[in-house]
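Visitor: have a look; sequence and predicted model below, questions after that.
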Amino acid sequence: MAKVYAPRRGLADRLQSIPKPVLYLILTLATAIPLFFDVPVPNQPVQESVDFYNNLMALKPGDRVLLASDWTNSTRGESSGEFDALVRILMRRGIKVAIYTTADAQGPQVARNEMTRMIDQEVREGRPAYRLFEDYTVLGFFPNSENTTSSIDTDIRAAFAGKKDYPPGQPPRECLQSPVFQGVESVADFKYLIVCSGTKTTEIAIERIKKVPMMFMVTGVMAPETRNYYSSGQIKGLVGGVKGVYDLETLMSKDFPGMTNKGKGSAYYLSLHFALTLLILVVILGNVAMFLAGKRTR
Amino acid sequence: MFPVAQAAAPLPTTFWADANGSATLWIKIAITLALGFALIFALLVAPVAARRPIVTGITFLAGLFYVLKWLYPEPIARKGGDGQLPRNAAEGFSFWLSDAQSVVTPVSNVIVALLIGLGLANLLKIHLTRLLKAQKDWGYSLVLLVCMVTFVIFGYWDWITRQGPAGAAMQASRETWGFPQYANDLLFDGLLQNMEAAMFSVVAFYILSAAYRAFRARSVEASILLVTALIVMVSLLGVVTLVDDQTIGRFLVLGPGAQAIAVLAILGMAGGTLLFFRSAGNRTLAAASGVGVLVALVAFILVFRGVALPGLPSDPPVPPGSFANNFRITEIAAWIQKNLQTPAIRGIDFGVGVGLLAMGLRLWLSLEKTGGNV
């Protein structure tokens, strides 16, 4: 009986057929191991992040911003870092903020938890506490994003009427009675509408908000399409993904010395480096293998 | 009846806004709910011929409001609630449209919330049927129903206990938490949120696998796409951009001879790479071009890093405004994003917008027949 020999696999074949589990394992290690090391990575903030930061820093203490916190933990790798950096700047600058959600019912609770965590951190470092209801208020979830956003632009007090928050030591009170809304008659009384989002609510805001300048914080995947609105001048600043968070943290380290400025951007940027490097390497590897095998097809 | 959150200042009582927690309000809620269900039931049992004009009419009226709101001029510099009167009928209509927004928004929010309830009812129907009849994969249905009921119970339990005076303390500190708060926290933050994050992170593995297997330079177009993608990805690597900036800075302070070697090395690397990819299975040519690229790379590194440059600063910066700035990887990536990527996406978005407009018109005028039997 004749022996059946398996054809010998060349280098090109081997390079083209790296098993998926091996790739997955390398990716896991490449992204997980850097999390254990605090290595400062050189960074040059992009202009859109610089604009976002400069606009915030130009606000005066006591100014107000409206924050659409349209993210949940499914995009927390990027969105929570953006939210944290933003809240740090707002707290340290003494800017009041009203937070609402139109994307997901979990949004308000996620925002509350994150606010509590950031306030605790500031208090531990000896800075004054940012007070619920006095300095910030959480308006809750609005299920119809299109209508709510349109209503905010038309009549903000009607849009948020009836929503309640929990001032410490008091029964729940109308958010509109909060000092954050003192003297607010229109959305134009806020300096900015900032949309921190992992969904399409950025586009909904672009389509409907006319009376207040906007700035967006989006995930890395959303950044290219959102850049349209930045380059056209429809938004005044843009923070995109982990790179954007790291940009903000880099800029904060110059203006807030001696404070904790490192957050998830600094923690994840090295991992992003390794993940991107790996991605570039496997793309090159796949192409080199294809050309070595002489299988180029048109 | 559980306590309803207290408002410090009572809202003006109208037909649409009764006192919070009052018996009249609860009665109106109950009547509205009953009427709503009755209307839905009536629509379900009515013949198709009778249903169609009702649904078409309501759809048209609902859409008409938004069309008018979008197209009709807004009152100039009007601030809500200041008692300002319109100057004429045209402005009066504009005021009316603006005022109606505050009624339409909560109505639409309620309808969307009702749709979520409808979705839940559907899920319950499907999975209870599968469970009770012990159909295929009934175990998954059981898990879904148990999770749903558990989340609803602990979610509401937590919410109700937070409505009292202790709610603020619970929000501020965990020390006042009771069993429902810890249970809800475990389910919400401990389980649900982490599972969501894990689901999303799986995408990274698919991207890596797809990039390795499918992102190939099989044609000129694919090659251009590949090169531009690599440039943009490399520009995100802070270490690489730093080295790139330093290299360009050093190039500017090199002597003419060293600059010539550097340019030749760059051309050698580019030419060798091109030759490698055009070798089309010719191993000798591929090996020769690979060696050529390596030699050029070594020459390049030697010029920039190996050659002693006495008196030079360790990292000479690229002077602002210098022509050499155009060769920085970050500048090239920014140019690609600004002049290629953004206009392309804008074009796609424009096409999608036109499509959405057409679809919106079809829905508004009830010309779209798919998706139902009305």
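Guide: Received, thanks.
Visitor: which SSE is the closest residue to chain A within the stretch 1-150 of chain B in?
Guide: Nearest to chain A, among the residues of the stretch 1-150 of chain B, is residue B:102, at 3.1 Å (Cβ to the nearest Cβ). C-beta here means a position set from N, CA and C on the backbone, and glycine is covered the same way. Element membership of residue B:102, judged by DSSP states H and E, is helix B:89-132.
Visitor: just the buried residues of stretch B:276-289, please?
Guide: For stretch B:276-289, the neighbour count (16 or more other Cβ atoms under 10 Å in any protein chain shown) marks B:276, B:277, B:279, B:286, B:289 as buried.
Visitor: can you tell me which of the residues you listed comes closest to chain A?
Guide: residue B:277 (5.2 Å).
Visitor: helix, strand or coil for the nearest residue to that closest one once chain neighbours are set aside?
Guide: Distance criterion Cβ to Cβ, 6 or more residues apart in numbering or on different chains; nearest residue to residue B:277, sequence neighbours excluded, is residue A:291 at 5.2 Å. Taking DSSP: H, G, I helix; E, B strand; the rest coil as the rule, one finds residue A:291 in the helix state.
Visitor: how about the residues of the stretch 251-374 of chain B by chain A?
Guide: B:276-277, B:279-283, B:286, B:330, B:334, B:337-338, B:341-342, B:345-346, B:349 (Cβ under 8 Å from any Cβ of the partner chain).
Visitor: take those and keep only those in helices.
Guide: Per DSSP state H, helices hold the following members of these: B:276, B:277, B:283, B:286, B:330, B:334, B:342, B:345, B:346, B:349.
Visitor: point out the least confident one among those residues.
Guide: pLDDT across those is lowest for residue B:277, at 72.
Visitor: give me the element the residue most central in space within chain A is part of.
Guide: Taking Cα atoms, centre = their mean, the centroid of chain A lies closest to residue A:79, which sits 3.0 Å from it. In this structure, residue A:79 is located in helix A:76-93 according to DSSP H and E.
Visitor: which parts of the stretch 201-350 of chain B are strands?
Guide: Here the stretch 201-350 of chain B has no strands by DSSP state E, counting those that start in this stretch.
Visitor: low-confidence stretches in it?
Guide: Along the stretch 201-350 of chain B, the parts satisfying pLDDT under 70 run over B:280-281, B:304-317.
Visitor: what about the helices in it?
Guide: Ranges of helices within the stretch 201-350 of chain B are B:220-235, B:238-253, B:256-277, B:283-301, B:329-336, B:342-364, based on DSSP state H, counting those that start in this stretch.
Visitor: run the angle between the last one and helix B:329-336 for me.
Guide: Following axes from the mean of the first three to the mean of the last three Cα atoms, to 10 degrees, one obtains 40 degrees for the angle between helix B:342-364 and helix B:329-336.
Visitor: who's in contact with helix B:342-364?
Guide: A:224, A:225, A:227, A:228, A:231, B:59, B:60, B:63, B:67, B:367, B:368 (Cβ atoms under 8 Å, 6 or more residues apart in numbering or on different chains).
Visitor: which residues touch the nearest residue to residue B:126 once chain neighbours are set aside?
Guide: Spatial nearest neighbour of residue B:126, excluding adjacent residues (Cβ to Cβ, 6+ apart): residue B:141 at 7.9 Å. Going by Cβ under 8 Å, 6+ apart, residue B:141 touches B:126, B:127, B:128, B:130, B:131.
Visitor: next, the buried residues of the helix or strand harbouring residue B:144.
Guide: Taking DSSP H and E as the definition, residue B:144 sits inside helix B:138-162. For helix B:138-162, burial by neighbour count (16+ other Cβ under 10 Å) applies to B:141, B:144, B:145, B:154, B:155, B:157, B:158, B:161, B:162.
Visitor: same question for stretch B:225-243.
Guide: Using 16+ other Cβ under 10 Å as the burial criterion, the residues of stretch B:225-243 that qualify are B:226, B:228-229, B:231-238, B:240-241, B:243.
Visitor: residue ranges in chain A under the pLDDT threshold?
Guide: A:1-9, A:294-298.
Visitor: one more time with 80, if that's ok
Guide: Where chain A drops to pLDDT under 80, the residues are A:1-13, A:16, A:73-74, A:168-172, A:291-298.
Visitor: now do the strands in it.
Guide: A:64-70, A:96-101, A:136-141, A:164-165, A:173-174, A:192-197, A:214-218, A:238-240 (DSSP state E).
Visitor: would you turn those into CSV with mean neighbour count and distance to chain B?
Guide: Below are those laid out as CSV (neighbours: other Cβ atoms under 10 Å in any protein chain shown; distance: least, Cβ to the nearest Cβ, whole Å):
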stretch, mean neighbour count, distance to chain B
strand A:64-70, 26, 14
strand A:96-101, 25, 12
strand A:136-141, 24, 9
strand A:164-165, 26, 5
strand A:173-174, 20, 5
strand A:192-197, 27, 14
strand A:214-218, 28, 13
strand A:238-240, 27, 10
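Visitor: can you put those strands in a markdown table and add distance to residue A:36?
Guide: Output for the strands of chain A, formatted as a markdown table (distance: least, Cβ to Cβ, whole Å):
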| stretch | distance to residue A:36 |
| --- | --- |
| strand A:64-70 | 30 |
| strand A:96-101 | 33 |
| strand A:136-141 | 34 |
| strand A:164-165 | 39 |
| strand A:173-174 | 45 |
| strand A:192-197 | 28 |
| strand A:214-218 | 27 |
| strand A:238-240 | 26 |
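Visitor: from memory the residue of the stretch 1-150 of chain B closest to chain A sits against residue A:156, does it?
Guide: No. Assessed by Cβ atoms under 8 Å, residue B:102 is found out of contact with residue A:156, at 10.1 Å.
Visitor: the more surrounded of the two?
Guide: residue A:156 (24 against 16; other Cβ atoms under 10 Å in any protein chain shown).
Visitor: most widely separated two among the contacts of residue B:141?
Guide: Pairwise distances across these (Cβ to Cβ) peak at 9.7 Å, for the pair B:126 and B:131.
Visitor: between the two, tell me which one has more neighbours.
Guide: Using other Cβ under 10 Å, the more surrounded residue of residue B:126 and residue B:131 is residue B:131, with 16 against 12.
Visitor: OK, contacts around that one?
Guide: B:138, B:141, B:142, B:145.
Visitor: near chain B at all, stretch A:262-274?
Guide: Yes. Counting by Cβ under 8 Å from any Cβ, chain B is contacted by stretch A:262-274 at A:269, A:272, A:273.
Visitor: can you report how many residues lie near residue A:110?
Guide: Neighbours of residue A:110 using other Cβ under 10 Å come to 22.
Visitor: hmm, I was thinking of residue B:217
Guide: A count of neighbours around residue B:217, defined by other Cβ under 10 Å, yields 19.
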